[in-house]
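# any chance you can model this:
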Amino acid sequence: MAAKLILRGLLVGAIAGLLALAFTRIFAEPVINRAIDYESARDEAQHALDKAAGLPVDEHGHDIFSRTIQANLGIGVGMILFGAAVGTLFAVVYTVSLGRVGALRPRTLAVLVAGGGFLALYLVPFLAYPANPPAIGHKDTIKERSVLYLLMVAAAIVFLAFAVLLGKRLTARFGHWNAPLIAAAAYVVVIGAATALLPSFGMLATNVQHYGAQATETPLPLLDTKGTIVFPGFPADDLIQFRLYSVGAQLVLWAAIGLLFAPLAHRVLEPTDRLRQASGDREKAAV
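Down below sits the predicted model:
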């Protein structure tokens with residue numbers, strides 16, 4: 001049974017990745033193109049400023065893969081493989097959760113596990129460290145940013161697991177409605193504390209040293225030696241649109257996984273449920 005569920009999770013994840021890809025191509029791709037154009041123009045402006053000031057200038061090499069290949073083949077294969085991996089992970093968690101989180105129907109459990117995955121693996125880390133387009137982020141801080149983001153993902157997963165256990169333990173005392181609310185409130189408080197303790201990307205030591213204390217790594221206006229703006233900062237509209245579309249793409253991915261997997265899981269588990277029900281009826285009849 002577990003193998004059947006995991007195989008279906010992989011298939012559903014690949015389909016969900018394809019749907020998320022379609023959403024990304026329609027909505028996010030234009031913003032990504034504008035961000036890349038901004039990054040290229042800003043690099044040229046910085047190059048001119050450094051050259052005028054007599055500073056050493058690094059020549060930019062050509063990309064190994066063209067933007068067309070990256071935007072089509074690269075992101076397409078990447079999204080489908082990512083969806084398949086997420087779907088497999090979802091199916092494993094779903095299988096482990098069967099019978100351990102209460103008497104939930106297979107379809108209901110699928111939706112809840114998908115919602116929990118979206119919350120812990122994406123939304124909570126996103127609220128602490130929002131997704132940024134290609135033009136945002138300094139090369140010298142990639143390692144620190146990756147570590148902080150993974151720490152936030154780990155915290156979101158661990159605290160969510162504890163919240164589920166807490167809600168289950170409190171059910172007998174506070175009921176099926178109040179217990180989840182209490183557990184959810186505890187989760188919000190703990191996650192809020194973790195977010196407050198972790199530094200923002202703009203406050204990393206390298207960023208403070210080179211760019212000053214900032215809330216984020218969003219590029220500020222480029223200034224010449226006289227303090228005159230020679231190139232604008234990154235457009236705020238593009239930043240907020242990219243972040244909204246990032247959330248939308250992940251929402252499409254997880255919603256598709258949950259909704260497509262639910263009926264498939266029901267078909268796999270229905271014979272087992274019928275056997276359990278029949279066994280219970282026989283035991284009652286014997287008594």
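# what about the most centrally placed residue in the chain, distance to Leu259?
Nearest to the geometric centre of the chain sits Tyr122, at 2.8 Å (Cα atoms, centre = their mean). To Leu259, Tyr122 is 17 Å away according to Cβ to Cβ, to the nearest Å. Any C-beta I mention is one placed from the backbone N, CA and C, and that applies to glycine too.
# tally of neighbours for Ala265?
26 (other Cβ atoms under 10 Å).
# just give the closest residue to the residue nearest to the centre of the chain, not the sequence neighbours.
Gln250 (4.6 Å; Cβ to Cβ, 6 or more residues apart in numbering).
# residue ranges for the helices of the stretch 1-150 of the chain, please.
2-23, 29-52, 67-69, 75-97, 106-118, 124-128, 142-197 (DSSP state H, counting those that start in this stretch).
# so how far is Thr228 from the nearest residue to Tyr94 once chain neighbours are set aside?
Nearest-residue entry for Tyr94: Val113, 4.9 Å, with adjacent residues in sequence omitted and distances by Cβ to Cβ, 6+ apart. Distance of Val113 to Thr228, given as Cβ to Cβ: 55 Å.
# got it, and Thr24?
38 Å.
# who has more neighbours, these two?
Legend: neighbour count by other Cβ under 10 Å for Thr24 and Thr228, higher for Thr24 (21 against 9).
# return the residues in contact with the nearest residue to the more buried one once chain neighbours are set aside.
Of all residues not flanking Thr24 in the chain, Ala249 sits nearest, at 5.0 Å (Cβ to Cβ, 6+ apart). Listed by Cβ atoms under 8 Å, 6 or more residues apart in numbering, the contact set of Ala249 reads Ala20, Phe23, Thr24, Phe27, Ala28.
# so which pair among those is furthest apart in space?
Using Cβ to Cβ, the pair of those lying farthest apart is Ala20 and Phe27, separated by 10.8 Å.
# more neighbours: which of these two?
Between Ala20 and Phe27, counting by other Cβ under 10 Å, Ala20 is the more crowded of the two (25 against 16).
# averaged pLDDT, the host helix or strand of the residue nearest to Tyr122. What do you get?
Using DSSP states H and E, Gln250 maps to helix 236-286. Helix 236-286 shows a mean pLDDT of 81.
# again with stretch 42-58
Averaged over stretch 42-58, pLDDT sits at 83.
# buried sites along it?
Arg42, Leu49 (16 or more other Cβ atoms under 10 Å).
# mind listing residues that contact it?
So stretch 42-58 is contacted by His60, Ala135, Pro219, Leu222, Asp224, Thr225, Val230, Phe231 (Cβ under 8 Å, 6+ apart).
# rerun that using 6 Å as the cut-off
Leu222, Val230, Phe231 (Cβ atoms under 6 Å, 6 or more residues apart in numbering).
# which of those residues lies closest to Asp37?
Among the contacts of stretch 42-58, Phe231 lies closest to Asp37 (Cβ to Cβ), at 12.6 Å.
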